[in-house]
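Participant: sharing a model that was predicted from the sequence below.
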Amino acid sequence: MANTETALKEALASIEGATGVALVDYTSGMALGTMGGSKGFDLNVAAAGNTDVVRAKMRTMEHLGLKGQIEDILISLSDQYHLIRLISGRGGNGLFLYLVLDAKRSNLAMARHQLRAIEADLEV
Amino acid sequence: MAAAQDAILEELRRLRARVPQLTGALAADADGLVLAQDTPGVDPEAVAALTGTTRALAAQLADVTGQGDLRELLVRGVYGYVATYAAGAGAVVTLLAQDRVNVGRLHLEGRRAGARIAELVDSAAAEPTETITKAPAKPAPARARAARTSRAKPVDARAAATAPTAARTTTES
């Protein structure tokens, strides 16, 4: 089991091409922890904005009558991938991991697999 | 100041358009008087006056605990939030929001609005002395003050009645 800081560190260090990562509470839109990012990329702004993304998707699924759970959401930009992974179980309800990848340096399938493993090991 | 008030009101309207869960927004000066307001269904003068009082208390709390000048004040009731952000010399922006608001976004937008309104307030204060000396002579502030004191009692009673239901009060500075 890894705590928030360890999990964020591991995501940033072990996932190829990762440039920023955050653990976000989407009931409030605030980040419980952030790592990486830069002056021009404020992870707290990303946390608030992507909370709206997650909430919108959940509302849409509710309107469509879909019963499944969101596992992850992928947003692909021209030079970046943004991966949102919702945390399930063990008091992690209402949280998601947000990962920013440099598209040129990353392997999307591997990153997704590694993020799933980090999520499974995370104890909030 | 009138031009500044229009600009502040414009800023509050933009803020409400950007964050749909906002139910009201107002800017108040250091004396707890309304500079601009967009708070349908809520008495802006009462909110401004209470904001002034609460702000003074919160600033004292921040100071006593060594947290420096007050930056913001967040009150959460059962049905939503009241968030106050410092906006330059004594002025504040107070936002009312539904409970389901994205608090992260509320803070981001509230801080930005605070900074922009601070600029507007400061530039209005820096205007030629003519307008400043005129301002106290205007009947409008006096009326606002009178209205505030006359309404202060029922508001206090309401505040006292709802106070125990407020789930959480935090002060950030």
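Facilitator: That came in fine, so what should we check first? Numbers count the residues shown, from 1 in each chain, chains lettered A, B, ... in the order given.
Participant: ranges for the strands of chain A?
Facilitator: A:18-25, A:30-36, A:72-76, A:80-86, A:95-102 (DSSP state E).
Participant: spell out which parts of chain B neighbour chain A.
Facilitator: B:102, B:103, B:104, B:105, B:106, B:107, B:108 (Cβ under 8 Å from any Cβ of the partner chain). From N, CA and C alone the C-beta is placed, and that goes for glycine too.
Participant: hmm, residue B:85 and the fifth one touching each other?
Facilitator: No. Distance between residue B:106 and residue B:85: 9.7 Å, which falls outside the contact criterion (Cβ atoms under 8 Å).
Participant: more neighbours, these two?
Facilitator: residue B:85 (27 against 24; other Cβ atoms under 10 Å in any protein chain shown).
Participant: ok, now which ones touch the more buried one?
Facilitator: When contacts are counted by Cβ atoms under 8 Å, 6 or more residues apart in numbering or on different chains, residue B:85 touches B:71, B:72, B:73, B:92, B:93, B:94, B:95, B:110, B:111, B:113, B:114.
Participant: ok so, going back, what's the closest of the strands of chain A to chain B?
Facilitator: strand A:30-36 (4.3 Å; Cβ to the nearest Cβ).
Participant: give me the contacts around the closest one.
Facilitator: A:4-5, A:8-9, A:11-12, A:18-25, A:43-44, A:47-48, A:95, A:100, A:124, B:103-104, B:107.
Participant: could you pick out the buried ones from those?
Facilitator: Buried members of those, scored by 16 or more other Cβ atoms under 10 Å in any protein chain shown, are A:4, A:8-9, A:11-12, A:18-25, A:43-44, A:47-48, A:95, A:100, A:124, B:103-104, B:107.
Participant: just give me the neighbour total for residue A:92.
Facilitator: 16.
Participant: I'd say it and residue A:122 touch.
Facilitator: Yes. Using Cβ under 8 Å, residue A:92 is in contact with residue A:122, at 6.7 Å.
Participant: could I get the buried residue list for stretch B:36-44?
Facilitator: B:36, B:37, B:38, B:39, B:43, B:44.
Participant: near chain B, which residues of chain A?
Facilitator: A:24, A:28-31, A:44-45, A:47-49, A:51-52, A:55.
Participant: thinking again about what came up before, from the buried residues of stretch B:36-44, which is closest to residue A:114?
Facilitator: residue B:38 (47.1 Å; Cβ to Cβ).
Participant: which one is the closest one nearest to, not counting chain neighbours?
Facilitator: In this structure, residue B:38 finds its nearest non-sequential neighbour in residue B:12, 4.8 Å apart by Cβ to Cβ, 6 or more residues apart in numbering or on different chains.
Participant: distance of that neighbour relative to residue A:80?
Facilitator: 34 Å (Cβ to Cβ, to the nearest Å).
Participant: could I get the contacting residues of the residue nearest the centre of chain A?
Facilitator: Most central in chain A under Cα atoms, centre = their mean is residue A:98, positioned 2.0 Å from the mean C-alpha point. By Cβ under 8 Å, 6+ apart, the residues touching residue A:98 are A:21, A:22, A:23, A:24, A:43, A:46, A:47, A:50, A:82, A:83, A:84.
Participant: give me the element residue B:46 is part of.
Facilitator: helix B:44-64 (DSSP states H and E).
Participant: which residue does chain A have closest to chain B?
Facilitator: residue A:29 (3.0 Å).
Participant: okay, and for chain B, where does confidence drop off?
Facilitator: For chain B, the stretches flagged by pLDDT under 70 are B:1, B:128-173.
Participant: please repeat the previous calculation with a cut-off of 90.
Facilitator: B:1-5, B:30-32, B:88-90, B:121-173 (pLDDT under 90).
Participant: roughly how far apart are the closest residue to residue A:88 other than its chain neighbours and residue A:78?
Facilitator: Nearest residue to residue A:88 in three dimensions, chain neighbours excluded: residue A:69, at 6.8 Å (Cβ to Cβ, 6+ apart). Distance, residue A:69 to residue A:78, by Cβ to Cβ: 30 Å.
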